[in-house]
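Student: I need the structure of the sequence given here:
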Amino acid sequence: MEIRFHTRKWVKPEDLNPNGTLFGGRLLEWIDEEAALYSIIQLENPRVVTKFISEINFQSSAKQGDIVEIGLVPTNFGHTSITLHCQVRNKMTHETIITIEKIIMVGLGENGKPKAHGKTQVEYVRDRIAGTRKE
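Tutor: Residues are numbered from 1 along each chain as shown. Predicted coordinates:
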């Protein structure tokens, strides 16, 4: 499973906990936002919500000035959902900071209820634009 790292974040003073390292809540906020953006693009639906986040494994910390990158890879396409695996690492050292085995995002219809998306595999925006979408 090859993880693609889409987003980089620079750890700033306001992101730190009293220990002087990256606050876990801030990192989870970044991950949740990245998972939502990734899912919106993949499912072609602006109404996506977080349904489930599995165990979070903090493996190392980040400090002020570090650049962290968030990587996601889809592991399953459900009827209304997409399941993602997440890894966050230090951009410069490639040391893993956190892993999350499973994040489930659900696409909703205008009525706020889960909506089928019909997707079965990753689609790239460049292919949609060029009209070479795999059906």
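Student: remind me, longest helix of this structure?
Tutor: helix 24-43 (DSSP state H).
Student: what's that helix in contact with?
Tutor: Applying Cβ atoms under 8 Å, 6 or more residues apart in numbering, the external contacts of helix 24-43 come out as 6-7, 9, 15, 17, 46, 48-50, 53, 56, 58, 62, 68, 70, 72, 74, 82, 84, 86, 88, 97-98, 100, 103, 105, 107, 117, 119, 122-123, 125. Just so you know, the C-beta spots here come from the backbone N, C-alpha and C atoms, and that holds for glycine as well.
Student: Among the residues you listed, which lie within helices?
Tutor: If you go by DSSP H, the contacts of helix 24-43 have V125 in helices.
Student: Could you report the distance from the residue nearest to V48 when sequence neighbours are not counted to G24?
Tutor: With sequence-adjacent residues excluded and distances taken as Cβ to Cβ, 6 or more residues apart in numbering, V48 is closest to S39, at 4.5 Å. According to Cβ to Cβ, to the nearest Å, S39 and G24 sit 22 Å apart.
Student: Those two - which one has more neighbours?
Tutor: S39 (25 against 14; other Cβ atoms under 10 Å).
Student: What distance do you get for the more buried one to T83?
Tutor: For S39, the distance to T83 - Cβ to Cβ - is 10 Å.
Student: which neighbours do those two share?
Tutor: M105.
Student: Now the most centrally placed residue in the chain: closest residue in space, sequence neighbours ignored.
Tutor: By Cα atoms, centre = their mean, the mean C-alpha position of the chain lies nearest to A35, the distance being 2.9 Å. Spatial nearest neighbour of A35, excluding adjacent residues (Cβ to Cβ, 6+ apart): I103 at 5.0 Å.
Student: Can you report how many residues lie near that neighbour?
Tutor: I103 has 26 neighbours, counted by other Cβ under 10 Å.
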